[in-house]
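Peer 1: Next come a sequence and a model predicted from it.
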Amino acid sequence: MGAKDLSRDRAARVAARPSSADPRRVTRASPQAARREEAERELAVHLAVGEAIAEWDRVESWFAGLLAGLAEALDCEVGVLWVARGDRLRPQAFWQAAQEDLGELKVMTLTSRLPRGRELPGRAWEQREPTVRSVADGPGPPRWRAAAAEGLGGAIAFPAMWGNEVIAVIELISREDPELTDRLKRSLVALSYVLGYFFAHRRGILNEQVVTGRQVEILELAAQGMSRREIAERLHLSTSTVKTHFENSYARLGVKNRAAAVAEAVRLGLVD
């Protein structure tokens, strides 16, 4: 199974998880069961990163696969990869478990530029350690009010570190408060350096725009109704190259197909 299939499978499993109101959910667990659950969650986080790293050079939707695996491991619904560029964090990839439209949350996330200390990702950047946001913290900034409107209020974020440099921040948003135990925090700190090393040696993939200029150009032609073959002829590219650009834009915009990518690009103001 490829990373794209793994991502879809993970999304389905995240969406199918019992909610807090579901009678299948165990509300009281023995100390042994709680420790076992914590160990399983810790292992799942490590496996998610390991699987993603193993697949990185074989798939286009690598970012989505990484975010999907981490979100599933930590019972989250949305994942965002933020990249530090200059004095701001900029969104590089957006992943969601649910199929429905997330309203303004996605648009506001993909158009945000966060300085150190601003919102949860900015705090994780500033503090250089895993950080959480509780439902009890209230709606907060506009992006979090948009999250609350979708029933999302808790989140966890942790940096990807290379030495003392924060290269990126991963933000995972949930419906409930995330459990950041001491054990899980130590695991995320370790993974901070694993991902930091990985990203530091592949800065090119992080320095691209959310959607590249070529991808925007292809989406513009798609919005005009051109087929893949017609786009390839217009831009003097092979049809397989056009297909790859489409798939990369799907992953970065968090959509599943061409029509949704065009609609999202129009919504974000990337395409007229």
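Peer 2: Structure received.
Peer 1: quick one: average confidence on the strand or helix carrying E72?
Peer 2: Here E72 sits within helix 62-73, counting by DSSP states H and E. The average pLDDT within helix 62-73 is 89.
Peer 1: could you check the angle helix 62-73 makes with whichever helix or strand comes after that helix?
Peer 2: Counting by DSSP H and E, the element after helix 62-73 in chain order, helix or strand, is strand 78-85. Interaxial angle, strand 78-85 versus helix 62-73 (axes from the mean of the first three to the mean of the last three C-alpha atoms, to 10 degrees): 130 degrees.
Peer 1: Centre of the chain to strand 78-85, how far?
Peer 2: For strand 78-85, the separation from the chain centroid amounts to 7 Å (computed by C-alpha atoms, centre = their mean, to the nearest Å).
Peer 1: and that strand, what does it pack onto?
Peer 2: If you count contacts as 3 or more C-beta pairs under 8 Å, 6 or more residues apart in numbering; DSSP states H and E, strand 78-85 packs onto helix 62-73, strand 88-96, helix 119-127, strand 165-174. The C-beta positions use only the backbone N, C-alpha and C, and glycine is treated the same way.
Peer 1: let's see it at 10 Å
Peer 2: Here strand 78-85 touches helix 62-73, strand 88-96, helix 104-110, helix 119-127, strand 154-162, strand 165-174, helix 182-200, helix 203-206, going by 3 or more C-beta pairs under 10 Å, 6 or more residues apart in numbering; DSSP states H and E.
Peer 1: Next, format the ones you listed as a markdown table and append mean neighbour count and distance to H46.
Peer 2: Conversion of these to a markdown table gives the following (neighbours: other C-beta atoms under 10 Å; distance: least, C-beta to C-beta, whole Å):
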| stretch | mean neighbour count | distance to H46 |
| --- | --- | --- |
| helix 62-73 | 26 | 9 |
| strand 88-96 | 24 | 19 |
| helix 104-110 | 20 | 26 |
| helix 119-127 | 22 | 19 |
| strand 154-162 | 25 | 13 |
| strand 165-174 | 23 | 14 |
| helix 182-200 | 17 | 7 |
| helix 203-206 | 12 | 22 |
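Peer 1: that older thread, now the helix holding E72 against helix 182-200, angle please.
Peer 2: Here helix 62-73 runs at an angle of 180 degrees relative to helix 182-200 (the same axes, to 10 degrees).
Peer 1: Which elements pack onto helix 62-73?
Peer 2: In this structure, helix 62-73 packs against helix 3-15, helix 31-55, strand 78-85, strand 88-96, strand 165-174, helix 182-200, helix 203-206, helix 239-253, with contacts taken as 3+ C-beta pairs under 10 Å, 6+ apart.
Peer 1: What about the nearest residue to L237 once chain neighbours are set aside, how many residues nearby?
Peer 2: Residue nearest to L237 in three dimensions, not counting chain neighbours: I231, with 7.6 Å by C-beta to C-beta, 6 or more residues apart in numbering. I231 sits with 23 neighbouring residues when counted by other C-beta atoms under 10 Å.
Peer 1: still on that earlier bit, may I have the helix holding E72 as CSV, with CA atoms only?
Peer 2: Output of helix 62-73 as CSV, limited to C-alpha atoms (Å, rounded to 0.1, in the frame of the first residue of the first chain):
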residue,chain,number,x,y,z
TRP,A,62,4.2,12.9,1.4
PHE,A,63,3.2,15.8,3.6
ALA,A,64,-0.4,14.6,3.8
GLY,A,65,0.8,11.1,4.7
LEU,A,66,2.9,12.4,7.6
LEU,A,67,0.1,14.6,8.9
ALA,A,68,-2.5,11.9,8.6
GLY,A,69,-0.4,9.4,10.5
LEU,A,70,0.4,11.8,13.3
ALA,A,71,-3.3,13.0,13.5
GLU,A,72,-4.5,9.4,13.8
ALA,A,73,-2.0,8.6,16.5
